[in-house]
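> What follows is a protein structure lacking sequence information:
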């Protein structure tokens, strides 16, 4: 058995290291290390409660809005405030804009460039894929960056700016949209729809949203121009529809009143109960102890703890590791294509990428509906008083999965603030029962070592990890 | 100009922001200015050993590069070990990599306020992360590289401060360096490029009429001036946010929330709640820095007494409720 340490993993958000025990060219076991600790949970302690709105976006530059929305929800619960209708729509729009931009960035800038690697020079598709997706120089980037920037112009109107907005408030949004701006928002959405339909899908969003099985998907893609088809072709050729499966246990907190909360495991859907979450610190450079529910959680550094190998805690649901992300969201929501992919071959690399692109096709039309539902002139923000003592929970879906904030307020100040980010779920280390986290499990059995294809790279990136969030 | 980019104790938001550069694709824009990434953790193809080989060659002076861009705070803890951020695959603290690389760089750029001054990571009570900036520790010169550090171009660290940075601040500064070079007089006393830090956030603020008449917002989402009650530091913050829009047309003020002065050292700990203005005897403390306080108070009282009904009423609503009057033809004689 040889141990290989892989890192730095680039084209993920933040710093990531993976240790692989390899025998006969196959991975026997994997350890995932988040080598960066930033201590945000401590920064909040002692601050004025609403200060969380200014601090938490800085946890993550790629899902800063999701962090804001989770904090605003937790604060709203503490205050007993209910967002206005406009405020809620606005928040959905802001979160959806970030999530969809994230899916786009991940596909084009982080994931696809691996197919342009010289290791695949003998594949029939390599020439075309290299021309389009080579990192920085490929011709897709020249189209995608303006499309992304154009789409994120929605944030200029809705949130002032992105990343790091303070517009999202417990009662809604600080930014009321005018009659004229509503028209502009629709125009921006149409422009982005045009890019997706022309370059990514080569078909209407409605046609993509209706694909209901893997067979339908592959038949649809056959011979079709567009970047999605190019991905499906390469991924099928490399067998990425069968690689990268973890536990096939999925969790979603539910998003935008469009996708419900729930869990899904072994073909069974179940309701989600937030009480069943706890975090284990066995393998983290943090003080040991019994697993705790995040409302009672602690983050105490123990940098020289023996046998620990990461800064990341191990969140568990009813004691089990769960996978979160776009695939989990769509499996829980019951989308037939996501369910079919998982039931046939498990949560493969292909299934995870398909679910992200599927969300582009599902959510953009919903955003058009939300913009139409905005009522200029009606209030965008409800107001309330912050009690001196209170608790609150904010559960949202970031692009890469379930994000939770748990806070308690005592004598007018934040007493405790705990966060579980999506990548904390997916890239968690072993817990007290020695159960590997989802990525650790997904890497077992893959080829690795001298001369191995970049399969590990595909599997890691299929989770769209955000390492700065992981340990916040 | 070859750029080597590393990330440490930050959120990656400055890179994400930079990718929003408009109107052209960032990569095309930089390429046309002769700027290329030798390696960038979020964008380049090389991972693992390939990436470490590039960094090692640069750190040993075997591979030439021009600009070192660092994003995120320098984490020196615990107890000076740098273990809070070991560069993946290398087992070595990122602070060590940065110090080795900085010796060979023509220019060193701190991308964002974390890198410039230490940021939120330096703000945990007691700073257990031992976080600092490249050449500042909050307001104090020093930081990882030391107060006297000069890069090969005989310049201190160039602090493209902001949380996050505006894409234009980064792109324009890199292009200025590539095309014309940078001189000490291009920077202010915190090492910030004057091409964006020579303005105040207040300049071009869309709420200026409310400011003139001290017609103040009372609660979040109101249209009025955010300085008197809601913590806005736009009159003191060095940046051109309201002249150079964000994401097409936005800014914090246009978004309806206060400027928290994210380009200034120490902004993370204002000593008061971010969205509240501290007051003494009803008068905000922290008034515009270049205006005598007595004059400000006198003028504010005068302008408040002259506030038009339209401005006064609209200031406390989230949309205009009184429209500007239309002068009737011939009616004003």
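Great, that's in hand. Source: prediction; values computed, not measured.

> At which residues are the helices of the stretch 51-200 of chain A located?
A:52-55, A:64-79, A:85-105, A:126-133, A:139-151, A:153-158, A:179-195 (DSSP state H, counting those that start in this stretch).

> Any idea which of those gets closest to residue B:4?
Checking the helices of the stretch 51-200 of chain A against residue B:4 by CB to CB gives helix A:139-151 as the closest, at 19.7 Å. For glycine as for every other residue, the C-beta is placed from the backbone atoms N, C-alpha and C.

> what residues are up against the closest residue to residue A:63 other than its chain neighbours?
With sequence-adjacent residues excluded and distances taken as CB to CB, 6 or more residues apart in numbering or on different chains, residue A:63 is closest to residue A:398, at 4.3 Å. Going by CB atoms under 8 Å, 6 or more residues apart in numbering or on different chains, residue A:398 touches A:63, A:66-67, A:98-99, A:102, A:421-422, A:466, A:469.

> before we move on, back to that, now the helices of the stretch 51-200 of chain A in JSON lines, with mean pLDDT and distance to chain B?
Below are those laid out as JSON lines (pLDDT from 0 to 100; distance: least, CB to the nearest CB, whole Å):
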{"stretch": "helix A:52-55", "mean pLDDT": "98", "distance to chain B": "4"}
{"stretch": "helix A:64-79", "mean pLDDT": "98", "distance to chain B": "6"}
{"stretch": "helix A:85-105", "mean pLDDT": "98", "distance to chain B": "7"}
{"stretch": "helix A:126-133", "mean pLDDT": "98", "distance to chain B": "10"}
{"stretch": "helix A:139-151", "mean pLDDT": "97", "distance to chain B": "4"}
{"stretch": "helix A:153-158", "mean pLDDT": "98", "distance to chain B": "3"}
{"stretch": "helix A:179-195", "mean pLDDT": "98", "distance to chain B": "8"}
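
> Buried residues, stretch B:290-307. List them.
B:296, B:300, B:307 (16 or more other CB atoms under 10 Å in any protein chain shown).

> wait, which of the residues you listed is closest to chain A?
residue B:307 (21.4 Å; CB to the nearest CB).

> ok, that closest one to residue B:227 distance?
15 Å (CB to CB, to the nearest Å).

> would you list every one of the helices in the stretch 351-472 of chain A?
Going by DSSP H, counting those that start in this stretch, the stretch 351-472 of chain A shows helices at A:422-426, A:438-443, A:455-462, A:467-471.

> For those helices, please prepare CSV with the additional fields mean pLDDT.
Shown next, in CSV, are these (pLDDT from 0 to 100):
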stretch, mean pLDDT
helix A:422-426, 98
helix A:438-443, 98
helix A:455-462, 97
helix A:467-471, 90
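
> and chain B, which of the ones you listed is closest to it?
Nearest of the helices of the stretch 351-472 of chain A (CB to the nearest CB): helix A:467-471, 5.1 Å.

> Does anything pack onto that closest one? Which helices or strands?
In terms of contacts (3 or more CB pairs under 8 Å, 6 or more residues apart in numbering or on different chains; DSSP states H and E), helix A:467-471 is packed against helix A:422-426.

> Which elements pack onto the helix it packs on?
Using 3+ CB pairs under 8 Å, 6+ apart: helix A:422-426 touches strand A:401-410, helix A:438-443, helix A:467-471.

> and with 7 Å instead?
strand A:401-410, helix A:467-471 (3 or more CB pairs under 7 Å, 6 or more residues apart in numbering or on different chains; DSSP states H and E).

> give me every residue that touches residue 257.
Chain wasn't specified; assuming chain A. Counting by CB atoms under 7 Å, 6 or more residues apart in numbering or on different chains, residue A:257 makes contact with nothing.

> Chain B, not that one
A:160, A:166-167, A:174.

> can you tell me the helix or strand for it?
Here residue B:257 is covered by no helix or strand, with elements defined by DSSP states H and E.

> Report pLDDT for it.
For residue B:257, the model assigns a pLDDT of 98.

> The one 10 residues further on too?
The confidence metric pLDDT takes the value 97 at residue B:267.

> Comparing the helices and strands packed on helix A:422-426, which comes out most buried?
helix A:467-471 (a mean of 30; mean count of other CB atoms under 10 Å in any protein chain shown).

> That'll do, ta.
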